[in-house]
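> Build the 3D model from these lines:
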Amino acid sequence: MRKNDISMGQIDEGEEINLTPMLDVVFIMLIFFIVTASFVKEAGIDVNRPDAPTAVKQENANILIAISQNDEIWIDRRMIDPRAVRANIQRLHAENPKGSVIIQADKKSTNEMLVIVMDAARQAGVFNVSIAANQ
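Predicted structure coming up:
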C-alpha cells in the first residue's frame, strides 16, 4: 500500500460536503410556509361566553370583536371606543371582503353594547354577523 492511498472511512482533507443546495431548499420551504400560513386574529381578551345548545361552528370568521363584562370593546388586542367600531370593521372588511364578523360577548355584558356593535357592523356593510357561544 502506498502512502498516498486513502483507506476506507477516511476523507481527504480537501473534500467537503457542499451544503449550499440543502440551504437553498430550506429557505424555499421557509418562504413557502410563511406565504401559505393563515394567521389567526384574536379579539384581545378572554370572554366568558354564554352557553347555547344550538350553536353552530362558523368558518371564515376574520373579524373578531370581544365585549368584556365591563362593556369594553376589543378588536385586534386593542380597546376601541364604541364610536370607532364601524371604522375598524370597515378597515378589516376591506382586507378580507369574504370574512364575517364574530362578536364574543361576555355573559355579564349588556345587550345595549351588543346591539351597538351589531349596528356598527351593518353600517360598515357586513351583513354576516354571528354571536359566539359555547355548545
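> any weak-confidence spans in this protein?
Within the chain, the ranges that satisfy pLDDT under 70 run 1-14, 38-61, 135.
> quick one: the strands in this protein?
With DSSP state E as the criterion, the chain has strands at 61-67, 73-75, 78-80, 100-105, 129-131.
> could I get the ones you listed as a markdown table with distance to Ala37 and mean neighbour count?
C-beta: built from backbone N, CA, C; applies to glycine. Output for the strands of the chain, formatted as a markdown table (distance: least, CB to CB, whole Å; neighbours: other CB atoms under 10 Å):
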| stretch | distance to Ala37 | mean neighbour count |
| --- | --- | --- |
| strand 61-67 | 15 | 22 |
| strand 73-75 | 22 | 22 |
| strand 78-80 | 23 | 14 |
| strand 100-105 | 21 | 22 |
| strand 129-131 | 25 | 17 |
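> Tabulate those (CSV), appending distance to Ile34.
Below are these laid out as CSV (distance: least, CB to CB, whole Å):
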stretch, distance to Ile34
strand 61-67, 19
strand 73-75, 25
strand 78-80, 25
strand 100-105, 26
strand 129-131, 30
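> Compare those and give me the one nearest Ile31.
strand 61-67 (23.6 Å; CB to CB).
> Just checking: what are the partner strands of that closest one?
strand 73-75 (antiparallel), strand 100-105 (parallel) (DSSP bridges).
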